[in-house]
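In: coords below, sequence missing:
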C-alpha cells in the first residue's frame, strides 16, 4: 500500500504522465461530444483506413519527424529554429529536380526531368549539410544554438526562393505522390515513414551510448569533454540528424501538395516542434530527454487542431485554443506545481502510514 | 583637459566595441550605397529619413526587446501583440464605431497585462521564456483571427489626421525657410521611435531599475543573493515590452492604415535580429539602446539598397540579413573570447 502510493507520487512528478493524461482528456472530450470520433473505416478504392484518429497521426507526421531531431537538440540544451526553413529548402530542391524544364512545359505531367533517386537524395543531403553548418557554428564556433540557427532561419527561405526563381512549380509525378499520399499496409505513407524514423532514432539513441552522450553533454559539456566524450562530434551529429529529418519532413510536405511553396512550407514548424518536445516532458535546459513523450506532445498539438476542425469551432480559433490548452499543460508541468503535487502525495502517504501504525 | 581625457576613456571602453562595430558597418554599407547609387539619389536626406519611416515599428518594438534580451530572456509574442493592436484599432473604429483612443487604451491594457502575465509565469512558475512567450504569440494570433480573418481598413478623422501629420524638413536659404528638395519629412512614427529610444536609454543607464536589468542578465543568482528584486524587475520588463509591442502595433497601423490578422508574421524574429545586430547578447547582460538604433538602421538599409538596384529579387535581402547576422555573431564571439581571455 505504502509502496504503491510512493510510485504514484513519482508518476505525478513525471512530465510524460501529464502529457499522456492531457491527450487522454482531450480524446475523452472528443468521444463525449461525438462518439463516432473514434470510428475507422476502410476505403477499398485507395486501400487506406480512414478516420479522425488516422488523420491525426497522418497530419502530425512532419512535426513528429522534426521533433525527433529537436528532442536531441533540446536535450543538448539548445534549440533549432531553422527546421521550418529547411522544410521549404527540401521542397524547393525536390521540385526543381522534378520540373527543371518548367519554362518549356507548363502542364504538370506524370514525369520527372531528373532521375527519381536525385529528387529524393539531393534535398536530404543538402538539408543534412545545412544542419551540419548549424552544428559547426555551435560546436566549433561556440555560438548559442538559438542564434546560430536563426541565421539559416532568416536565409533559408531566401535560398529556397532563389533556387526556384521565386516560382511555384507543380508536378504530377506519381512515384513522388506516394511519399505523402500513398499507402502501405492500409496506413497512409507518412505514418509509415514516421514510425520508421521514430524507431530508427530510438534505436540509435537508446541501443547505443549516443543517447547517454547527448544527455551528458546537455547537462555539462565541459565535464563530458573531460570524461572523454567528444562533445563537438555529438553536437555536430545531432544537428545533422535534425537537418536530415527536416529534409524528410520537407519531402512529405511537398508531396502532399505536389508543389513547392517556399513562403508557407514549414511555416512555424520550429515552434510546433519545440512545443511538442516541451509538452513531451524534455526540459529546455537540457539533460534527460523522452522520445515517447515527444511523440505524445506532437499528437496533442495535432489533436487540438483536428478537434477544432471536427467540431465546427471556427477554424480561426485554432491558435487561441491551442494556446489555452498548451498553457494549461505547461503550467501543470511547471516545477512549483509538480512539487506541490509531490508534497501532497507524500503527506497523504505519511498520513496513511500513520493510520496503519 | 582632464575632463576631455575621461570622456575619451569612457568612449574607448571595450564594452562599447559591439556598438562601434554596428555603427562602423552601417557607415561602410551607407558609403557603398552612396558610391554605387549616389547618382540615383541614395545620399539624399529623403532616403535616410525613409529608413526611419519604413522601420519605425520594428525600432519601437526593438526597444522593449533589447531590455528583455539583456535580462537573458526572449519574447516571441511581440509580432502577434502588435498585430492584435492593429486589429483592435481597425475593428473598434471601423466596425464598432469607437474613437481610436478608446481602442488604443484597450490595446494598451491588453498588451501590458499579457506581458506582465507572461513575466509572472516565466519567473514564478519557472517556465522557459521561449515557451511562455510562444504560447502568448499563439494566443494573440488566435484572438486576431477570431476578431476578423479579413483585412479591415481604418477610416477615422482623428486617425487619418495622425497618420498624415508630418513635419517637413526645412533649409534656410535667401533669408527664409524653404522645404528641402527632394521633399523629406518626419511623421509621428519617427518621433515615437526616437522618443522610445531616448526613454529606453534613460531607463537602462540612469535608473536603478535599469541597473537591476543588467545585473539580472549578468547573473540572476548573484542578483537575487545581492537582494535585488529579481522577480519584480523581470515581470516589469516583460510588461514594458508588452507596452512597446502595442506602441509598435499603433505605429504599424498608422503606417499601413489597416488591421490584418496575419500582419507582422515572423516580426518577432526580425526584431530580435535588429537587437542582435545592434550588439545585444542573447546570453544577457550586454546591450545598448544606441546599438539597437543602428541595428534597426542597418537592417533597413539592405532592402533600400535592393530597391535602388532594381534588378535583384527581394529574396536576396533575406540572405544578406542572414549573412550580416553571421558576421555580427562572429565579431561578438571574437570580442567575448578576447575579453574573457584578458580576465
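Out: Sure, I can see it. All figures in this text were calculated on a predicted structure; none of them were measured in a lab. Numbers count the residues shown, from 1 in each chain, chains lettered A, B, ... in the order given.

In: mind listing the strands for the chain?
Out: Since no chain was named, I'll use chain A. A:40-43, A:48-51, A:183-184, A:187-188 (DSSP state E).

In: look at chain B instead
Out: Using DSSP E, strands in chain B cover B:152-153, B:166-168, B:170-173, B:176-179, B:185-187, B:258-259.

In: what's the second one in contact with?
Out: Contacts of strand B:166-168 from elsewhere in the structure, counted by CB atoms under 8 Å, 6 or more residues apart in numbering or on different chains, are B:179, B:183-187. Bear in mind the C-beta positions are built from the backbone N, C-alpha and C, glycine included.

In: where does residue B:166 sit relative to residue B:197, distance-wise?
Out: As for residue B:166, its distance to residue B:197 is 20 Å (criterion: CB to CB, to the nearest Å).

In: With neighbour numbers in mind, choose between the two.
Out: The neighbour comparison of residue B:166 against residue B:197 (other CB atoms under 10 Å in any protein chain shown) goes to residue B:197, with 20 against 14.

In: Just confirm the more buried one contacts residue B:64, I think it does.
Out: No: with contact defined as CB atoms under 8 Å, residue B:197 does not reach residue B:64; the gap is 11.3 Å.

In: Kindly confirm whether my reading is correct that residue B:137 touches residue B:268.
Out: Yes: here residue B:137 reaches residue B:268: they are 6.9 Å apart, a contact under CB under 8 Å.

In: Could you count how many residues lie near residue A:267?
Out: 17.

In: Disregarding flanking residues, what is the spatial nearest neighbour of it?
Out: In space, and not counting its chain neighbours, residue A:267 is closest to residue A:84: 6.1 Å by CB to CB, 6 or more residues apart in numbering or on different chains.

In: Show the contacting residues for the one you found.
Out: A:153, A:156, A:246, A:266-270.

In: for residue B:246, same thing?
Out: B:81-82, B:85, B:104, B:107-108, B:110-112.

In: how many other residues sit next to residue A:257?
Out: 15.

In: distance between the ends of stretch B:220-237?
Out: Its first and final residues considered, stretch B:220-237 spans 14 Å by CA to CA, to the nearest Å.

In: Equivalent analysis for stretch B:167-176, please.
Out: Using CA to CA, the two ends of stretch B:167-176 sit 17 Å apart.

In: Quick one: mean pLDDT for stretch A:251-269?
Out: Across stretch A:251-269, the average pLDDT comes to 84.

In: From the chain's centroid, how far away is that stretch?
Out: Offset of stretch A:251-269 from its chain centre (CA atoms, centre = their mean, to the nearest Å): 15 Å.

In: The residue in chain B that chain A sits nearest to: what's it in contact with?
Out: Closest to chain A within chain B is residue B:142: 2.7 Å, counting by CB to the nearest CB. Residue B:142 is in contact with A:316-323, counting by CB under 8 Å, 6+ apart.

In: circling back to that earlier point, okay, the strands of chain A, which one's buried deepest?
Out: strand A:187-188 (a mean of 20; mean count of other CB atoms under 10 Å in any protein chain shown).

In: re the thing from before, any chance of the strands of chain B in JSON lines with mean pLDDT as columns?
Out: As requested, those are exported to JSON lines (pLDDT from 0 to 100):
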{"stretch": "strand B:152-153", "mean pLDDT": "87"}
{"stretch": "strand B:166-168", "mean pLDDT": "83"}
{"stretch": "strand B:170-173", "mean pLDDT": "78"}
{"stretch": "strand B:176-179", "mean pLDDT": "78"}
{"stretch": "strand B:185-187", "mean pLDDT": "86"}
{"stretch": "strand B:258-259", "mean pLDDT": "84"}
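
In: surely residue A:282 meets residue A:77?
Out: No: judged on CB under 8 Å, residue A:282 makes no contact with residue A:77 at a distance of 10.7 Å.

In: OK, contacts around residue B:265?
Out: A:267, B:79, B:83.

In: Mind checking which of the residues you listed are in helices?
Out: B:79, B:83 (DSSP state H).

In: Residue B:179: how many residues sit nearby?
Out: The number of residues packed near residue B:179 is 12, by other CB under 10 Å.

In: again with residue A:206
Out: Neighbours of residue A:206 under the rule other CB under 10 Å: 12.

In: In space, what's closest to it - neighbours in sequence excluded?
Out: residue A:291 (8.0 Å).

In: That neighbour contacts residue A:204, correct?
Out: No: taking contacts as CB under 8 Å, residue A:291 lies outside contact range of residue A:204: 10.3 Å.

In: These two: which has the busier surroundings?
Out: residue A:291 (21 against 15).

In: Check what pLDDT that one gets.
Out: 89.

In: Return the residues of the stretch 151-300 of chain B in contact with chain A.
Out: B:261, B:265, B:269, B:272-273, B:276, B:282-283 (CB under 8 Å from any CB of the partner chain).

In: Could you give me the PyMOL selection string for whichever of the residues you listed are buried?
Out: The command below creates a PyMOL selection of those among those that count as buried (16 or more other CB atoms under 10 Å in any protein chain shown):
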select buried, chain B and resi 261+269+272+273+276+282
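
In: could the residues of the stretch 151-300 of chain B next to chain A be laid out in TSV, adding distance to residue B:244?
Out: Listed next are those as TSV, based on distance: CB to CB, whole Å:
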residue	distance to residue B:244
B:261	21
B:265	18
B:269	16
B:272	13
B:273	16
B:276	17
B:282	18
B:283	22
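
In: hmm, which two among the residues of the stretch 151-300 of chain B next to chain A are most spread apart?
Out: B:261 and B:283 (34.2 Å; CB to CB).

In: that older thread, and the contacts of residue B:246 as CSV, adding distance to residue B:131, neighbour count and pLDDT?
Out: Shown next, in CSV, are the contacts of residue B:246 (distance: CB to CB, whole Å; neighbours: other CB atoms under 10 Å in any protein chain shown; pLDDT from 0 to 100):
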residue, distance to residue B:131, neighbour count, pLDDT
B:81, 17, 36, 94
B:82, 21, 32, 94
B:85, 23, 30, 93
B:104, 30, 20, 92
B:107, 25, 25, 94
B:108, 25, 18, 95
B:110, 21, 18, 93
B:111, 20, 28, 94
B:112, 21, 20, 95
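
In: got those residues as JSON lines, with distance to chain A columns?
Out: Formatted as JSON lines, these follow (distance: CB to the nearest CB, whole Å):
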{"residue": "B:81", "distance to chain A": "13"}
{"residue": "B:82", "distance to chain A": "16"}
{"residue": "B:85", "distance to chain A": "16"}
{"residue": "B:104", "distance to chain A": "22"}
{"residue": "B:107", "distance to chain A": "17"}
{"residue": "B:108", "distance to chain A": "20"}
{"residue": "B:110", "distance to chain A": "13"}
{"residue": "B:111", "distance to chain A": "16"}
{"residue": "B:112", "distance to chain A": "18"}
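
In: In helices, which of those residues fall?
Out: B:81-82, B:85, B:104, B:107-108, B:110-112.

In: For residue B:238, which residues are in contact?
Out: Here residue B:238 is in contact with B:68, B:73, B:75, B:115-116, B:118-119, B:122 (CB under 8 Å, 6+ apart).

In: how many other residues sit next to residue 21?
Out: In the absence of a named chain, chain A is used. Quick note: residue A:21 (other CB under 10 Å) scores 14 neighbours.

In: To clarify, I was referring to chain B.
Out: For residue B:21, the neighbour count with other CB under 10 Å is 21.

In: ok, and the closest non-adjacent residue to it?
Out: Using CB to CB, 6+ apart, the nearest residue to residue B:21 is residue B:331, at 5.3 Å.

In: Quick check, the one you found in contact with residue B:20.
Out: No: with contact defined as CB under 8 Å, residue B:331 does not count as touching residue B:20 (10.3 Å).
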